[in-house]
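*Asks:* give me the fold of what follows.
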Amino acid sequence: MNDNLKKVSVMFLRNAISRILSDRDIKRKEHAQLRKACEQALEELKIAEKNQQIETSSGILPSQDQFVHADRYFLPFDLACHSKCPRIIIIALDCLQKLIAYGHLVGKGPDAANPERLLIDRIVEAICVPFIGPNTDDGVQLQILKAILAVVLAPTCEVHEASLLLAVRTCFNIYLASRSPINQTTAKASLTQVINAAFGSMQKAFEEHNEKTVSDEQVVKNLVESLVDQVVSHIEPNTSVASSHHSSFASVVINTSLQAMSAEVSLPALRMLNPVSLASDSADTIHDDVPTAQLHFRSLQEKDAFLLFRALCRLSTKSLPDKPDPNSHELRSKELSLEMLLLIVQNSSSLLHTSQPFILALRHYLCVSLSRNGVSPIVTIFEKSLAIFVQLVNKFKMHLKVQIEVFFREIIFSILESSSSSFEHKWIVVNTLEKICEDPQSVVDIYVNYDCNLTAANIFERIINSLSKIAQGGAITDYGSSAALLQRQRERSMRILGLKCLVECLQCMVDWFDDVSFFLSYPFSVLDGDSVEGVTVENGAQPSSPTVSQFEQLKQKKETMEHGIQLFARKPMQGLKFLQERNLVGTDPEDIAAFFHREDRLDKSVVGDFMGDGKDFNKQVMYAYVDQLDFSNRDFVAALRLFLDGFRLPGEAQKIDRLMEKFASRYCECNPHLGLFASADTAYVLAYSIIMLTTDLHSPQVRSKMTKEQYIAMNRGINDQSDLPQEYLSDIYDEIAGNEIKMKPGHNRLPKKSASATTERQRKLLQDLELAEMSQTAKALMEAASHYEATFTSASHYEHVRPMFKIAWTPCLAAFSIGLQTSEDAEIILWCLQGFRLGIRVACLFRLALERNAYIQALAR
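*Replies:* The predicted model follows:
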């Protein structure tokens, strides 16, 4: 059989090279090297064929090197692919595809031209090099795609790292640049197959590694048992000394043998688990935000998947022009990259949930990408981004606790609560909430991890309240709707969708109660010999676990804290007293200062006014606040940014003076060996001048901006009658001009009231401004969250539904009651009745008489 395969290989190669040599353009001068390579290859094939006949007659079996023929004859195909003749390139690519598909060309050996890389890398490069942009021949483009699929999907070829990325990039570029609709469709399909193959290879490599590990463990176990049997068989039972030392001796033999065999067997596995160096190729270099030391790849295939995923994330974050053409390369590239990312997270296997590099990639790359694309004014980009977010919530929420909160708070709720958001954006957001609400586990997990967390946003509560407002109608004010009929149709559709989401939330509670309570009751019912017909709170349900009660206590504590924070925003001293009486904040200035540092929900303007006040206690709090900051080894502007991060400067000059004076004193205290400032007064004056510069350069009310020369002149003589270095002041000016000093975004900010817009153009302008601000805030918070680890609790008890329903029952009742009272639309009435049914069901499950009676009375009316 080997002889037959070898004959086929030689014949296939000869025919392929002959096809190239028979092209009429091969005789041109520029193809002389290609012609010579083809002729030489044919001569070598004739010699190989003669040798084969001699070996066959002598009965000598061919070696593996002799069997694989195509690798050593790759040069003609390489030169043909680099030629600029479309016919020759098409012939070469077609031949390469068939040689790879039938296993004649594998490329596992080193490249003769560059022994530091494998031949397969040169093969991939040869396949991709004919694509030179939009002017590439359509037939060449199609053959490139076919050859890429062959080399990536072939079981005999292994394409990794830079070569895999090159193949993906070529498919991407053909999709973007090709003028042929057929080639565009083929390129997109090819890209999908390559991505699926890369992640499938990672799964396969992991399974093979596990099987090998299990097999190795079995070998060690069998060997140890054999050694123990030999030891036992040589011990005399009647020897007292032997019997006294039998146990210890056997233990030593087992331990020593096991350690030696484990070390020997697991060497390849340990080598595979070591961190992979990514500095070998520029295409593989990890960005600084994910340090190389943090990445531990279990296989080369896992590294391939990571590099591919990262490349797609980076493509998706590229900026777009203000009004991109729908057919522009930039827009289509972003759309395709988001579509491929959605494909990856949709088809993600359980392996990705345990892949440390992939989890890091989700945090550092994908979530940052979503923070930018999730506020895009382009509907297709916005829709794909939110579709990815749904998958992250349903599948990866345990790894992305902080990121999910940021996305909900800064994007989802901001769009829903903004009056300038378009109908399309709100419609997509509500559809996103509907998809999330379809999964009971996700809904309950959101309540447990956010609404019951002392410092997190009340995401479940805000979802219910937002949906209730939408379901009551009148939520859509789209100035783009010129016809009142269209406006009514949109409002009806949005109202029905809001009602549907509320009903699904209640259905989630019922399903969660039924599923979890049945799971908890089933083992006990089996032991007792009773059938499980229904679950009741008093008889059939299990008592509340400590975890459930702890969550309820956290929720109550959080509500108390939020009330105190709201009171602080109106009357600071009363708010602090309220929190101190409930042991949520200490009474010492240091305790209050620490509270100001850690609590992002406080009104930053009120914090600034409180600390700038001239009263002794307020000054003590301000001194403690500043003393808790460490400015050591920080540049002056960086230290000032850190200082102004947590509060807004008050408007009164005297209050600013106190704050700046303390900041200057603290900075000089932390940097005693700086030698730049003659005294703390110099730092004070410089800090004050930087505040003035920031206001001057970045305030829209200031028309005549301060120049660099004016700023330097303003600071003359401030360093004990001397000047600070001119270069130092110039650098400060440039930094402030390019990067305004801003307060860090806080949590639970009140939605800003948009200015009224009377035309579609004005509304669109307001929407774009709001989306840009959302993107900037969400991106900053998402980047900060990528370095933060948060514990995620997976809900597992049915009694979580009770406090969830206590939050939801009033907004749901309002939406369903108004729907029945004000609408004659049959579909709206149907959803309202469904909501009443489920609301009464949940109230009855937990014996909540007040809520049950409220629903029944409203229904009766």
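*Asks:* just give the nearest non-adjacent residue to Glu438, would you?
*Replies:* Leaving aside its chain neighbours, Glu438 sits nearest to Glu504 (6.2 Å; criterion: Cβ to Cβ, 6 or more residues apart in numbering). (C-beta placed from N, C-alpha, C; glycine too.)
*Asks:* so that neighbour sits against Asp439, correct?
*Replies:* No. Applying Cβ atoms under 8 Å, one finds Glu504 not in contact with Asp439, separated by 9.7 Å.
*Asks:* check the average confidence over the helix or strand hosting Glu727, would you?
*Replies:* Using DSSP states H and E, Glu727 maps to helix 726-738. Taken as a whole, helix 726-738 has a mean pLDDT of 92.
*Asks:* how far does that helix sit from its chain's centre?
*Replies:* Chain-centre distance of helix 726-738: 36 Å, with Cα atoms, centre = their mean, to the nearest Å.
*Asks:* elements contacting that helix?
*Replies:* helix 636-643, helix 680-698, helix 708-714 (3 or more Cβ pairs under 8 Å, 6 or more residues apart in numbering; DSSP states H and E).
*Asks:* what's in contact with it?
*Replies:* Helix 726-738 has contacts (Cβ atoms under 8 Å, 6 or more residues apart in numbering) with Phe636, Val637, Leu676, Ile690, Leu693, Thr694, Leu697, Lys708, Tyr711, Ile712, Asn715.
*Asks:* any idea how far the last one is from Glu661?
*Replies:* Relative to Glu661, Asn715 is positioned 17 Å away (Cβ to Cβ, to the nearest Å).
*Asks:* the second one now?
*Replies:* Between Val637 and Glu661 the distance is 18 Å, computed by Cβ to Cβ.
*Asks:* not counting the one helix or strand Asn394 maps to itself, show me its contacts.
*Replies:* Here Asn394 is covered by helix 379-395, with elements defined by DSSP H and E. With contact meaning Cβ under 8 Å, 6+ apart, helix 379-395 is reached by 331, 334-335, 338-339, 341-342, 345-346, 348, 353, 362, 366-367, 369-370, 373-376, 400, 403-404, 407, 424-425, 428-429, 431-432, 435-436, 439, 442.
*Asks:* contacts only, for Ala101.
*Replies:* With Cβ under 8 Å, 6+ apart, Ala101 has these contacts: Ala150, Ala154.
*Asks:* kindly report the same for Ala41.
*Replies:* Applying Cβ under 8 Å, 6+ apart, the residues contacting Ala41 are Leu13, Ile17, Tyr73, Leu75, Pro76.
*Asks:* report pLDDT for it.
*Replies:* Predicted confidence (pLDDT) for Ala41: 84.
*Asks:* on that earlier part again, take the contacts of helix 379-395 and keep only those in helices.
*Replies:* Counting by DSSP state H, the part of those found in helices is 331, 334-335, 338-339, 341-342, 345-346, 353, 367, 369-370, 373, 403-404, 407, 424-425, 428-429, 431-432, 435-436, 442.
*Asks:* among these, name the buried ones.
*Replies:* 331, 334-335, 338-339, 341-342, 345, 367, 369-370, 373, 403-404, 407, 425, 428-429, 431-432, 435-436, 442 (16 or more other Cβ atoms under 10 Å).
*Asks:* hang on, the earlier thing: what about the residue nearest to Glu438, neighbour count?
*Replies:* For Glu504, the neighbour count with other Cβ atoms under 10 Å is 23.
*Asks:* can you check Phe389 too?
*Replies:* By other Cβ under 10 Å, 26 other residues sit near Phe389.
*Asks:* downstream of the helix holding Glu727, the next helix or strand is which one?
*Replies:* Toward the C-terminus, helix 726-738 is succeeded by helix 760-785 as the next helix or strand (DSSP H and E).
*Asks:* and for the residue nearest to Arg179 when sequence neighbours are not counted, the neighbour number?
*Replies:* Once flanking residues are discounted, Arg179 sits nearest to Pro134: 6.4 Å by Cβ to Cβ, 6+ apart. Look at Pro134: counted by other Cβ under 10 Å, it has 13 neighbours.
*Asks:* give me the domain ranges for the chain.
*Replies:* 1-53+68-199, 293-399, 420-474+483-520+547-585+778-860, 604-738 (the TED database).
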